[in-house]
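Novice: okay, predicted coordinates and the sequence, questions at the end:
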Amino acid sequence: MKALCWQGKHDVRHETVPDPRIEEPRDAIIKVSSCAICGSDLHLFDGFMPGMEQGDVLGHEFMGEVVEVGPGNQKLRVGDRVVVPFTICCGDCEQCLRGNFSVCERSNRNKEAADKVFGHTTAGLFGYTHLTGGYAGGQAEYVRVPYADVTPVKVPRSLSDEQVLFLGDIFPTGWQAAVQCDIQRTDTVAIWGAGPVGQFAARSAWLLGARQVVVIDRLPDRLSMARACGALTINFDRESVFERLNELTGGKGPEKCIDAVGMESHVGATVDTFYDRAKQVLMAETDRPHVLREMIYVCRPAGVLSIPGVYGGLVDKIPFGMLMNKGLTVRTGQTHVNRWTDDLLRRIEEGQIDPSFVVTHIEPLANGPQMYKTFRDKQHGCIKVVLKP
Amino acid sequence: MSNPELTGRPSPLDTKARAAARAATPTSPRHSSATAKLARGLGWFSIGLGLMEIIATRTVARRTGLLGRESLLRVHGMREVANGVGILASRKPAPQSGWMWGRVVGDALDLTTVTAAAAAAKARRPGSHPVAAMVAVAGVAMLDVVCARSLQRQANAARQTTDYSNRSGIGASPEQVRGAALKTFMQPPDMQAMPQADTTVLR
């Protein structure tokens, strides 16, 4: 079959790889109908995530049709249409039973390595580092889905791929980012990053009743999409984030802040971004945490910082004293996707939200390598790429 | 299919919408990849030619009819190397097109130098081929112009801002849907914020 394979930094290729097969009784094989490039795929593309190996099949946002089911799988049948969440979960361990699916204790097949690096393992992820299991991803014609009697979500044929595909990652990720804020009707929610997760976080915060939602970015097309849902916007290239947020909140700052940027914040707007980039080049720091610093500074005391943006390793110069003295609550983590999917699918069916709004590019899978560059460089108004195998 | 009224635009599955999504990419991936390869090739060519002009100055001068102007040839060589490094070091079309237009200007200087030399008596020595040099420079110049224009188009397209202000994704006006999810939503106990802060605000 054909798949997009990671061959090194800035090197993704459309290659022929062996077809997947059933390995465990609970497995299923999915024929992919649509897959997407996620912002966190760019961290792999840019070489910031350790534990990748040449030839790894990329992609953790995908959906399709079940074409084969293991003998121990009682949930799925051949022909079922499913979206597959990026976090693989067993459904039986202590964390899964608590709804903490992204830290499933069993699904990471490289648990020993993860235990050493993280202290305790997290869940297995599709198309990601070998520290999270090294499972082949969904930017391919077929995918093997482990624990397929728990992880996949059946979706009705009445909805298009573009309407349900994002249930596997970015929609629940934006939703959880907003839920973690415990939004009150008096709250201002500030969101850094108007990429796909930022867009879903803005809509989620609005649907959850925020008084005002403010989205911070520098790209006019992304900011226009944020304004479409009623958000106010700040272009950090043109105005001070701190001053503008103070203007909007009577000088008190936003109660809730969401970091939808993560480890590769834009270099150029402030001095600390150059400092981070220099340290990255010298391999003295892995991530660029400008957004974290800014959120800690602008957030109202006793506020909440919600961090869906992906961080990979070590960050420097975090004003922890400021964080502690302001009594801020920090909530972060990979998304517990399956905790939200049933509810969000119902909201899509009811017409409360149509996730297809975020799609800007639809391309054949073979164009994937070029689309990685287009997405990374934010060219041609690119916000979300859907690939068709 | 997605509801056009919901999103304020046609469904992405709609054929016209797909065509529009593709039209947002004015150059096909294959085309832009070919341009990038040509730019890289010309970058390496620039470095190679520049090094030849610096290291084998006298040989190049004899072949091109530039004997006696070796210093000028070395300056041209340094310019070629700098230009080549600039092209190879640029990742995005905008700066790369700048360097490529730099090569076009350099081609014009080369052509002027070789043409002037061709008219001189020294150029008519045995082993000297100033006319062939002029043809070669003109040929490479054409490639440079094609590549620079293609990169320029890509850079312009990349800079174009698309207006997505009709893509709300929510069923009605923002004011109408504000808090709509709360009718069927219970805040999970493990994700509640400090309650006293909120009650103070609400009082």
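Specialist: Done, it's in.
Novice: which residues of chain B score low on pLDDT?
Specialist: Along chain B, the model assigns pLDDT under 70 to residues B:1-33, B:121-125, B:157-159, B:194-203.
Novice: excluding its backbone neighbours, what's nearest residue B:162?
Specialist: Sequence neighbours aside, residue A:381 is the residue nearest to residue B:162 in space, at 3.1 Å (criterion: CB to CB, 6 or more residues apart in numbering or on different chains). The C-beta positions use only the backbone N, C-alpha and C, and glycine is treated the same way.
Novice: right, and that neighbour touches residue B:160 too?
Specialist: Yes: with contact defined as CB atoms under 8 Å, residue A:381 reaches residue B:160; the gap is 7.2 Å.
Novice: let me see the contact set for residue A:64.
Specialist: Residue A:64 is in contact with A:30, A:31, A:32, A:33, A:34, A:81, A:82, A:143, counting by CB atoms under 8 Å, 6 or more residues apart in numbering or on different chains.
Novice: distance of the last one relative to residue A:40?
Specialist: Taking CB to CB, to the nearest Å as the criterion, residue A:143 is separated from residue A:40 by 17 Å.
Novice: which residues in chain A form helices?
Specialist: Remark: helices assigned in chain A by DSSP state H are A:39-45, A:94-97, A:111-118, A:161-164, A:170-179, A:196-207, A:220-228, A:241-248, A:271-281, A:290-298, A:320-325, A:337-350, A:368-376.
Novice: what about stretch A:201-214 and chain B, any contact?
Specialist: Yes: judged by CB under 8 Å from any CB of the partner chain, stretch A:201-214 comes into contact with chain B at A:203, A:204, A:206, A:207, A:208, A:209, A:210.
Novice: can you lay out those as a markdown table showing distance to residue A:69, neighbour count and pLDDT?
Specialist: Listed next are the residues of stretch A:201-214 next to chain B as a markdown table, based on distance: CB to CB, whole Å; neighbours: other CB atoms under 10 Å in any protein chain shown; pLDDT from 0 to 100:
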| residue | distance to residue A:69 | neighbour count | pLDDT |
| --- | --- | --- | --- |
| A:203 | 35 | 31 | 98 |
| A:204 | 33 | 31 | 98 |
| A:206 | 40 | 27 | 96 |
| A:207 | 36 | 25 | 97 |
| A:208 | 37 | 25 | 97 |
| A:209 | 41 | 18 | 96 |
| A:210 | 42 | 27 | 97 |
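Novice: can you name the two of those residues that sit furthest apart?
Specialist: A:203 and A:209 (12.4 Å; CB to CB).
Novice: so residue A:362 is in contact with residue A:382, correct?
Specialist: No: checked against CB under 8 Å, the pair residue A:362 and residue A:382 is beyond contact range at 11.5 Å.
Novice: indicate which one of the helices of chain A is closest to residue B:77.
Specialist: Taking those one by one with CB to CB, helix A:271-281 is closest: 30.5 Å.
Novice: now for the top helix by length along chain B, which elements pack on it?
Specialist: Looking across chain B with DSSP H, the single longest helix is helix B:130-159. Here helix B:130-159 touches helix B:29-55, helix B:57-64, helix B:93-119, going by 3 or more CB pairs under 8 Å, 6 or more residues apart in numbering or on different chains; DSSP states H and E.
Novice: quick one on the thing from earlier: tell me the most buried of the helices of chain A?
Specialist: Counting by mean count of other CB atoms under 10 Å in any protein chain shown, helix A:196-207 has the highest mean neighbour count of those, with a mean of 31.
Novice: angle of that one against helix A:337-350?
Specialist: Using axes from the mean of the first three to the mean of the last three CA atoms, to 10 degrees, the direction of helix A:196-207 lies 60 degrees away from that of helix A:337-350.
Novice: may I have helix A:196-207 as CSV, with CA atoms only?
Specialist: Listed next in CSV are the C-alpha coordinates belonging to helix A:196-207 (Å, rounded to 0.1, in the frame of the first residue of the first chain):
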residue,chain,number,x,y,z
PRO,A,196,-7.1,24.4,13.7
VAL,A,197,-7.0,23.7,17.5
GLY,A,198,-7.3,27.4,18.3
GLN,A,199,-10.3,27.6,15.9
PHE,A,200,-12.0,24.8,17.6
ALA,A,201,-11.1,26.1,21.1
ALA,A,202,-12.6,29.5,20.2
ARG,A,203,-15.9,27.9,19.0
SER,A,204,-16.0,25.6,22.0
ALA,A,205,-15.4,28.5,24.5
TRP,A,206,-18.2,30.4,22.8
LEU,A,207,-20.6,27.5,22.9
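Novice: chain center to that helix: distance?
Specialist: Distance of helix A:196-207 from the chain centroid (CA atoms, centre = their mean, to the nearest Å) equals 13 Å.
Novice: just stretch A:13-33 next, same as before
Specialist: 22 Å.
Novice: tally up the residues packed near residue A:120, please.
Specialist: Residue A:120 has 10 neighbouring residues, counting by other CB atoms under 10 Å in any protein chain shown.
Novice: how close does it get to residue A:336?
Specialist: Residue A:120 sits 16 Å away from residue A:336 when distances are taken as CB to CB.
Novice: one more: residue A:217?
Specialist: Taking CB to CB as the measure, residue A:217 falls 26 Å from residue A:336.
Novice: in contact with the closest residue in space to residue A:129 that isn't next to it in sequence, which residues?
Specialist: Distance criterion CB to CB, 6+ apart; nearest residue to residue A:129, sequence neighbours excluded, is residue A:51 at 3.6 Å. By CB under 8 Å, 6+ apart, the contact set of residue A:51 is A:113, A:129, A:130, A:131, A:132, A:134.
Novice: got the contact list for the first one?
Specialist: Under the criterion of CB under 8 Å, 6+ apart, the contact partners of residue A:113 comprise A:51, A:130, A:131.
Novice: count the neighbours of the nearest residue to residue B:145 once chain neighbours are set aside for me.
Specialist: Closest residue to residue B:145 apart from its sequence neighbours, by CB to CB, 6+ apart: residue B:104 at 5.7 Å. A count of nearby residues for residue B:104, using other CB under 10 Å, gives 17.
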